[in-house]
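just need the structure, nothing else, for what follows:
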Amino acid sequence: MCSRKISIFIPVYRESDLLEHLLTSLINDPYKDKEIFVVIDEPTERSLEVSKRFSEEEVHFKFNGIRRGKANVLNEVVSESKGEVLLFLDSDTLIDGGKKNSFLETIVREMGDAEIVEIKKEVIKDSFIARIISYDYLGFSLTNFYFSERIKRCLGINGAAFAMRREVFEALGGFRRVICEDLDIAVRSFIKGARFKFLKDITVYTKAPSSWRGWFEQRKRWGVGAAFWVREHFKTLKTALCKHPEVVIPSLLFIFPALPIFLFSLFIPDELSIKILYTSLILLSTKTNLLIPPAALTSTALSTLKSISTVIGSLIGYMIVFYLIARKFQSYFNPLDFTAFYFVMAPLWLLIILGSLIKVYIEPKKVDVNWKV
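Here you go, the predicted model:
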C-alpha cells in the first residue's frame, strides 16, 4: 500500500443525486490514509440530511448560505487539508477502481512519476442523449491520453475528476476565478512543465444532460468558457501548436470530428475543379457523343457525389478510430449511436465553439458570465 495521504474535495451546489453513492464508495475504498471534504453552496434539506448521515464517517462538511463559486470554496478547503495528493471530484460522479484495485491507491501510486493526473471518464448512459454524449467524452479522453503518451504534459483537463500534487497546486496559486477553472489550471501546469499522466485503468462515471435542451444549455456555458480560455492563453496555445503539431492537430480532430468537413468545404472550393472537368468533357464530347450525357450532368452530380463521398469517408475513418480507442479503454461503442453523434452533435458543438469565439473576440464585455464568476 502507498503511504501518502490523499485529500478528496467535492464541491456541491445545492444538492446532488449521486453524492451519497460517491461518499459511500470513497469511505469503503480500502486506502486508509485519506480525508474527505464536501463543500456545499446554498444547501437544501436533502443535502443537510446527507451530511447528518455521514457525520460519523469522518467526512468534513462545510456549508455556505450563498453561492460562493467552485474556485473560491476549493481554494479555501485545500488550505485546511493535509494530504500530499489532492483529488478533485464533481458531486455528480461515481467512481470505479475495477474489480481488484483500490481507486484511491491507484491514483496515489500513479502520481509517483507525475504531478497532475486525469482519470478516464465515462457518461452514465441513462438516456439516448447520454449515449451520444459519451463519444464526446471518449474524444476528450483520447486527446489527453495522446498528450500523456507523447509529451507528458497537458493543455486542458476535464475537471470532473483529476488529481494534483499539493506543491504544484500551491506553486500555481490554486484555482483562478475564471469560467473554466479546470482548463485554466491545466494550461498553467503546462507552462510550468508539470508532468502529466492519463489514467485509463480506473473510471469515473459522470452524469450528463438527458435532453437536447439540457445539452445545449450546458454546451453554451462550456463554449463561452472555452472561448475566454483561448483568448487569455492564445500565445501559449499557439506555441504548443508550433512546437507539438503532431500532438495538437490530431487532438483537435479528436475533440471536433466535424472539423475536417468544415475545413474541407471552407478551403477546397468545388467550383474550379468542376469547371475544369466540365470543360474537358465538353471538348472531348466533340470527338464522341458518349461524353455528352456525363458533361450535362457534371455541373450538379459531381459536386453532390464529391460531398457525399467525403462525408462518408470521414465518418468511416472516425468510426474506426473511436471503435479502436473504445476497445482500448474498455468503453461502450455502438455504430448507430456514433453516427448520430457524428452527424448531429459534433457539428452543433463545433458551431457553438465557433460562435462563442466570435462573440468573445468581438464583444467580450457583452457576454454574460454572471452565472459563473
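
all contacts plus neighbour counts: C-alpha atoms, from now on.
Noted.

for D92, grab the count of nearby residues.
The tally of other residues near D92 (other CA atoms under 10 Å) stands at 20.

quick one: it from A208, how far?
The gap separating D92 from A208 is 9 Å, by CA to CA, to the nearest Å.

and if you look at L241?
Counting by CA to CA - L241 and A208 are separated by 30 Å.

what do you get for A258?
21 Å.

same check on F147?
Counting by CA to CA, the gap from F147 to A208 is 25 Å.

repeat that for A346.
A346 is 16 Å from A208, by CA to CA.

next one: G214
For G214, the distance to A208 - CA to CA - is 9 Å.

over to K192?
Distance of K192 to A208, given as CA to CA: 32 Å.

which of these two has more neighbours?
A208 (22 against 13).

for the closest residue to the more buried one other than its chain neighbours, phi and psi?
Excluding its sequence neighbours, the residue lying closest to A208 (CA to CA, 6 or more residues apart in numbering) is A130, at 5.8 Å. The phi/psi pair for A130 (degrees, to the nearest 10) reads phi -60, psi -40.

tell me how many other residues surround A130.
Quick note: A130 (other CA under 10 Å) scores 19 neighbours.

now swap in G355 and tell me
Count around G355 with other CA under 10 Å applied: 15.

cool, S331 as well?
Neighbours of S331 using other CA under 10 Å come to 17.

quick one: the residue lying closest to it once chain neighbours are set aside and P30, what's the gap?
What sits nearest to S331 in space, not counting adjacent residues and going by CA to CA, 6+ apart, is E122, at 7.6 Å. According to CA to CA, E122 and P30 sit 23 Å apart.

just checking, E122 touches T203?
Yes - between E122 and T203 a contact is recorded at 7.0 Å, counting by CA atoms under 8 Å.

same drill for those two, tell me which one is more crowded.
E122 (25 against 19).

just say helix, strand or coil for that one.
Of the three states, E122 takes strand according to DSSP: H, G, I helix; E, B strand; the rest coil.

state the distance from it to F63.
For E122 relative to F63 (CA to CA), the value is 29 Å.

ok, the nearest residue to W222 once chain neighbours are set aside - contacts?
Closest residue to W222 apart from its sequence neighbours, by CA to CA, 6+ apart: C180 at 7.8 Å. Contact analysis of C180 by CA atoms under 8 Å, 6 or more residues apart in numbering lists 222, 225-226, 229.

just K120 next, same as before
141, 198-204.

so how far is T143 from it?
According to CA to CA, K120 and T143 sit 11 Å apart.

for Y13, same thing?
For Y13, the distance to T143 - CA to CA - is 29 Å.

who's more crowded, those two?
Remark: of Y13 and T143, T143 carries more neighbours, 23 against 19, as counted by other CA under 10 Å.

and what about the more buried one, helix, strand or coil?
T143 ends up helix, using three-state DSSP.

once you drop chain neighbours, what's closest to it?
The nearest residue in space to T143 (CA to CA, 6+ apart) is S251, at 5.0 Å.

and for V247?
Nearest non-adjacent residue to V247 (CA to CA, 6+ apart): F147, at 6.6 Å.

what of S51?
Per CA to CA, 6+ apart, closest to S51 is F61, 6.7 Å.

show me what the helix or strand hosting that neighbour is packed against.
Element membership of F61, judged by DSSP states H and E, is strand 59-64. Under the contact criterion of 3 or more CA pairs under 8 Å, 6 or more residues apart in numbering; DSSP states H and E, strand 59-64 touches strand 34-41.

who does the strand it packs on pair up with?
strand 6-13 (parallel), strand 59-64 (parallel) (DSSP bridges).

and the last one, how far from the chain's centre?
Relative to its chain's centre, strand 59-64 lies at 28 Å (CA atoms, centre = their mean, to the nearest Å).

please apply the same query to the first one.
Taking the mean of its C-alpha atoms, strand 6-13 sits 19 Å from the chain's own mean (CA atoms, centre = their mean).

could you identify the helix or strand that succeeds it?
Using DSSP H and E, the first helix or strand after strand 6-13 is helix 19-28.

got the buried residues for that next one?
Buried positions in helix 19-28, judged by neighbour count with 16 or more other CA atoms under 10 Å: 19-20, 22-23, 25-27.

ditto for stretch 168-181
Buried, per 16+ other CA under 10 Å, within stretch 168-181: 168-169, 174-176, 178-181.

can you map out the strands along the chain?
Under the criterion DSSP state E, the chain contains strands at 6-13, 34-41, 59-64, 85-89, 93-96, 116-123, 161-165, 196-206.

phi, psi of V178?
phi -130, psi 170.

what's the longest helix seen in the chain packed up against?
The single longest helix within the chain, with elements called by DSSP state H, is helix 303-328. If you count contacts as 3+ CA pairs under 8 Å, 6+ apart, helix 303-328 packs onto helix 128-150, helix 259-267, helix 335-340.

how far away from the center of its chain is it?
21 Å.

read off the pLDDT value for the residue nearest to T143.
In this model, S251 is scored at 95, pLDDT.

and for it, the neighbour number?
19.

spit out the contact partners of it.
Counted by CA under 8 Å, 6+ apart, S251 has contacts 142-143, 146.

distance of it from P257?
10 Å.

over to L357?
18 Å.

what do you get for L138?
12 Å.

same question for K238.
21 Å.

between the two, who's got more neighbours?
Using other CA under 10 Å as the criterion, K238 and P257 rank with P257 on top: 23 against 14.

what residues of stretch 238-256 count as buried?
240, 247-248, 251, 254-256.

re earlier: can you redo the contacts of K120 as JSON lines with distance to A163?
Output for those, formatted as JSON lines (distance: CA to CA, whole Å):
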{"residue": "S141", "distance to A163": "15"}
{"residue": "F198", "distance to A163": "10"}
{"residue": "L199", "distance to A163": "11"}
{"residue": "K200", "distance to A163": "14"}
{"residue": "D201", "distance to A163": "15"}
{"residue": "I202", "distance to A163": "13"}
{"residue": "T203", "distance to A163": "13"}
{"residue": "V204", "distance to A163": "13"}
